[in-house]
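Trainee: Any chance you can model this:
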Amino acid sequence: MTRFLAFAAMAGLVAASTPPPRPFAPMESGTTLSLIGAWGTSARDVFVVGDGGTVLRYDGRSWTPMTVAGTPHLTSVWGSSASDVFAVGDGGVILRYDGRAWTPMTSGVSGNVDCVWGSGPADVFAAGDDGTVLHYDGSSWTPMASGTTQLLMGLWGASPRDVFAVGMSGTVLHYDGSSWTPMATGSTQHFAAVWGTSGRDVFVAGMGGTILHYDGASWTTQPSGTTAMLTRAWGRAPGDVYVAGDQGTVLHYDGSSWRPVPTGTKEFLYAVWGAGDEVFVVGHGGTILRR
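Mentor: Next comes the predicted model:
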């Protein structure tokens with residue numbers, strides 16, 4: 001079992017409240033394996049990765065499996081275009097899709113890699129076990145000094161010189177283009193999700209329904225209305241943000257408060273991603289939802 005799934009097992013229960021309209025609807029994924037990461041170029045071109053090296057691609061009509069031979073669990077996916085996509089996972093695995101095939105890359109690590117994000121094809125970050133942070137410059141992956149040994153679960157950046165990494169025991173790191181430094185948040189919860197619209201508008205989420213917001217000066221706690229484990233975040237704008245988590249939890253932020261969105265499932269939801277007016281959520285047992 002991937003470390004991401006093991007971490008998820010520590011999750012709590014959803015505290016229900018009045019949901020907004022427009023619930024999510026299920027999609028046929030063609031698999032019962034857990035789906036853990038999602039990213040795409042548009043609502044008609046979405047990549048999903050998960051257990052057993054599963055990679056699915058959506059073309060606006062259906063999900064089709066992609067051939068990835070001999071690959072362990074994959075936990076995160078990100079790309080700069082439809083022909084330049086990175087997927088990471090257990091055992092230091094990093095794969096790259098060039099529009100024709102997925103090929104392994106040399107990561108230089110044997111520990112699990114849990115998250116990947118980049119600003120472009122020659123500026124990609126990956127992170128995972130024991131505070132591992134790797135950087136790809138267009139030719140090779142090199143280790144970076146993170147200053148922590150904590151498991152890192154989430155990555156997101158506003159620019160190549162404004163990147164955030166989050167992980168266990170309240171870990172939040174910031175990269176300024178030269179070094180990673182810890183940020184004081186006042187929380188010791190385990191974090192898995194990070195996303196923002198800029199370096200002055202960043203959301204972090206994790207265990208116990210914890211959600212923090214950074215305004216460029218300090219971190220403040222936002223009431224989430226749930227005690228569920230929250231695993232991934234994505235949004236369109238400062239007042240249009242989603243987080244996904246345990247027990248079928250999806251929360252939406254409208255700029256003033258977080259409210260639950262009906263999902264029709266109690267499965268653990270591991271990732272959320274969207275484009276235009278459509279939002280996709282993926283999770284345990286091959287679950288894919290669309291709103």
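
Trainee: Please, where are all the helices along the stretch 151-291 of the chain?
Mentor: Assigned by DSSP state H, counting those that start in this stretch, the helices in the stretch 151-291 of the chain number zero.

Trainee: next SSE after the helix or strand of the chain with the lowest mean pLDDT?
Mentor: Lowest by mean pLDDT, DSSP states H and E among the helices and strands of the chain is helix 3-8, with a mean of 58. Using DSSP states H and E, the helix or strand that follows helix 3-8 in sequence is strand 25-27.

Trainee: Does anything pack onto that next one? Which helices or strands?
Mentor: strand 287-290 (3 or more C-beta pairs under 8 Å, 6 or more residues apart in numbering; DSSP states H and E). C-beta coordinates here come from the backbone N, C-alpha and C atoms, glycine included.

Trainee: In the strand it packs on, which residues are buried?
Mentor: Under the neighbour-count criterion of 16 or more other C-beta atoms under 10 Å, strand 287-290 has T287, I288, L289 buried.

Trainee: tell me the contacts of the residue nearest to the last one when sequence neighbours are not counted?
Mentor: It stands for L289. Nearest in space to L289, with sequence neighbours left out and distances taken as C-beta to C-beta, 6 or more residues apart in numbering, is F24 at 3.9 Å. Neighbouring residues of F24 by C-beta atoms under 8 Å, 6 or more residues apart in numbering: V250, V261, P262, T263, G264, V279, V281, L289, R290, R291.

Trainee: Got phi/psi on F24?
Mentor: Phi and psi for F24, reported as degrees, to the nearest 10, are phi -80, psi 150.

Trainee: where's it relative to I288, distance?
Mentor: Distance of F24 to I288, given as C-beta to C-beta, to the nearest Å: 10 Å.

Trainee: what's the answer for R22, then?
Mentor: For R22 relative to I288 (C-beta to C-beta), the value is 17 Å.

Trainee: How about S42?
Mentor: Counting by C-beta to C-beta, the gap from S42 to I288 is 16 Å.

Trainee: Just the CA coordinates for stretch 34-54, please, in CSV.
Mentor: Extracted C-alpha coordinates of stretch 34-54, given in CSV (Å, rounded to 0.1, in the frame of the first residue of the first chain):
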residue,chain,number,x,y,z
SER,A,34,-7.9,3.4,-6.1
LEU,A,35,-7.2,6.6,-8.1
ILE,A,36,-5.0,9.1,-6.3
GLY,A,37,-3.9,11.9,-8.6
ALA,A,38,-5.6,14.0,-11.3
TRP,A,39,-4.5,16.7,-13.7
GLY,A,40,-5.4,17.8,-17.2
THR,A,41,-5.0,20.4,-20.0
SER,A,42,-8.8,20.9,-20.3
ALA,A,43,-12.1,19.3,-19.4
ARG,A,44,-11.7,17.1,-22.4
ASP,A,45,-8.2,16.0,-21.7
VAL,A,46,-7.7,14.7,-18.1
PHE,A,47,-5.0,12.3,-16.7
VAL,A,48,-5.7,10.2,-13.6
VAL,A,49,-3.1,8.0,-11.8
GLY,A,50,-3.4,5.5,-9.0
ASP,A,51,-2.8,2.0,-7.5
GLY,A,52,-0.9,-0.6,-9.4
GLY,A,53,0.5,1.9,-11.9
THR,A,54,-3.0,2.8,-13.1
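
Trainee: Just give the nearest non-adjacent residue to the residue nearest to the spatial centre of the chain, would you?
Mentor: Centroid-nearest residue in the chain, with C-alpha atoms, centre = their mean: R232, separated by 4.4 Å. Of all residues not flanking R232 in the chain, A271 sits nearest, at 4.3 Å (C-beta to C-beta, 6+ apart).

Trainee: show me the contacts for that neighbour.
Mentor: Per C-beta under 8 Å, 6+ apart, neighbours of A271: L35, I36, G37, A38, V48, T231, R232, A244, V281, V282, G283.

Trainee: okay, now T263: neighbour count?
Mentor: 23 (other C-beta atoms under 10 Å).

Trainee: R259 now?
Mentor: There are 16 residues near R259, going by other C-beta under 10 Å.
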